[in-house]
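A.B. asks: here is my input, please return the structure:
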Amino acid sequence: MILGILKEPSPETRVSLHPEAVKVLTGSGNQVLIETGAGDSSFLSDAVYQEAGATVKSRVEVLETAEMIFQITPLDAEDQKKLSRGKYLVGVYQPLVARELMKSLAETGVTLLSMDSIPRITRAQSMDVLSSMSTVSGYKAVLLAAANLPRFFPMLMTAAGTIAPAKVLIIGAGVAGLQAIATAKRLGAVVEAFDTRPSVKEQVESLGGKFVEVPGAVEDKGAGGYAVEQSEEYKQKQSEMLEKSIIKSDVVITTALIPGRKAPILITRSMLEKMKAGAVVVDLAAANGGNCEGTENNKTVTLSGVTIIGNSALPASMPEDASKMYSKNVQNLLKLLLNEDKINLNFEDEIIKGTCITHDGAIIYEPLLK
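C.D. replies: Just a heads-up that it's a prediction; the model follows:
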């Protein structure tokens, strides 16, 4: 099969397939085309890809020749026009949010595989892009917070006196939250974490964090590890409990998302006004509206003396390792999809069924159809 890797539009710095994956794919009989300079922002030169077996081509040549095309960010309208019916497209498309784009791609007749829709089941862990990129985001969020906080993270005992450690609150103990807990602890902070899922308490405590528990949470084991909508009574209790932790924290990192919905507001303006001057909020839910009132996606703002960092593109700030992780996820998915050098689109497989959004001129992704 002819596979094509496209250069990502700025500000994205990652690349879909790492040379290590290219070497494996060409070794199994596939032909790999790569757009000139596609790996430059990830510190991977065209020469490195050529050594791995790829052929360097122009963007137009890749779009026209490749049978399966890889670009992390959605293709723009001009690129979509260059796609012929029956091609395969692999990237991160957020189908529950970008509904009009899904209709447009279906009309084009391409088969779209959205890496962020891979079912969160045990068998698919090696393909789970959301988990891989959340690991990067959780780690980098703590480093951003430390860089912007006007205080030390660890406790320091100096000739000038003792400096108390920073207090960090992590809201949401998914993959990003757990990585943030681990990183903040390594930097010497005192860490608390909150999540609506009581089942994550043990994981939080195993990393050295204190679990902030609000009784009465509803947990759905069928939600793929995500939080679910809670009752109004619970939300009130949650807000009261969180406020106590928020106003005493030097750093708050928020990661709370509900798939297909606007991110819940967990830090209100009144809470910001009560926080310490110089405190930092890093909002990893910024792309979906943010967990903090006042968050602006991909911007840093200051409200009531609190620095609010809204950044939904943290994986792109560590392009080399983030690309390697993303590429490995894609490579593992291709093991299911490619039978030698031919496509095997088996809709009886729940991973393929859950990842495929459009096929044969129609939207087939069940959550979107509902």
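A.B. asks: what sits against Val280?
C.D. replies: 145, 148-149, 250-252, 306-309 (C-beta atoms under 8 Å, 6 or more residues apart in numbering). All C-beta atoms are positioned from the backbone trio N, CA, C, and that covers glycine.
A.B. asks: quick one: residues contacting the closest residue to Asn346 other than its chain neighbours.
C.D. replies: Leaving aside its sequence neighbours, Asn346 sits nearest to Ile352 (C-beta to C-beta, 6 or more residues apart in numbering; 5.6 Å). By C-beta under 8 Å, 6+ apart, the contact list for Ile352 reads 336-337, 345-346.
A.B. asks: re earlier: next step: the contacts of Val280 restricted to strands.
C.D. replies: 251-252, 306-309 (DSSP state E).
A.B. asks: export those residues as JSON lines, with columns for distance to Leu44.
C.D. replies: Below are the ones in strands among the contacts of Val280 laid out as JSON lines (distance: C-beta to C-beta, whole Å):
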{"residue": "Val251", "distance to Leu44": "33"}
{"residue": "Val252", "distance to Leu44": "35"}
{"residue": "Val306", "distance to Leu44": "38"}
{"residue": "Thr307", "distance to Leu44": "34"}
{"residue": "Ile308", "distance to Leu44": "34"}
{"residue": "Ile309", "distance to Leu44": "28"}
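A.B. asks: kindly report the domain assignment for the chain.
C.D. replies: What automatic domain parsing lists as the domains of the chain is 2-117+319-364, 135-317.
A.B. asks: can you tell me which of these the model trusts least?
C.D. replies: Here the domains of the chain differ in mean pLDDT, and the lowest is domain 135-317 at a mean of 89.
A.B. asks: before we move on, the earlier item: wait, which of the domains of the chain is closest to Met127?
C.D. replies: Among the domains of the chain, the nearest to Met127 by C-beta to C-beta is domain 2-117+319-364 (4.6 Å).
A.B. asks: and that closest one, how far from the chain's centre?
C.D. replies: In terms of C-alpha atoms, centre = their mean, to the nearest Å, the centre of domain 2-117+319-364 is set 17 Å apart from its chain centre.
A.B. asks: what's the first-to-last distance across it?
C.D. replies: End-to-end distance for domain 2-117+319-364: 25 Å, by C-alpha to C-alpha, to the nearest Å.
A.B. asks: buried residues, whichever strand or helix holds the residue nearest to Asn346. List them.
C.D. replies: Using DSSP states H and E, Ile352 falls within helix 350-355. Residues of helix 350-355 classed as buried: 351-352, 354-355 (neighbour count, 16 or more other C-beta atoms under 10 Å).
A.B. asks: between these, which is nearest Arg120?
C.D. replies: The shortest gap between Arg120 and any of the buried residues of helix 350-355 belongs to Gly354, at 9.3 Å (C-beta to C-beta).
A.B. asks: count of residues packed around the closest residue to the closest one other than its chain neighbours?
C.D. replies: Take Gly354 and drop its neighbours on the chain: the residue closest to it by C-beta to C-beta, 6+ apart is Pro119, 4.1 Å away. Pro119 has 16 neighbouring residues, counting by other C-beta atoms under 10 Å.
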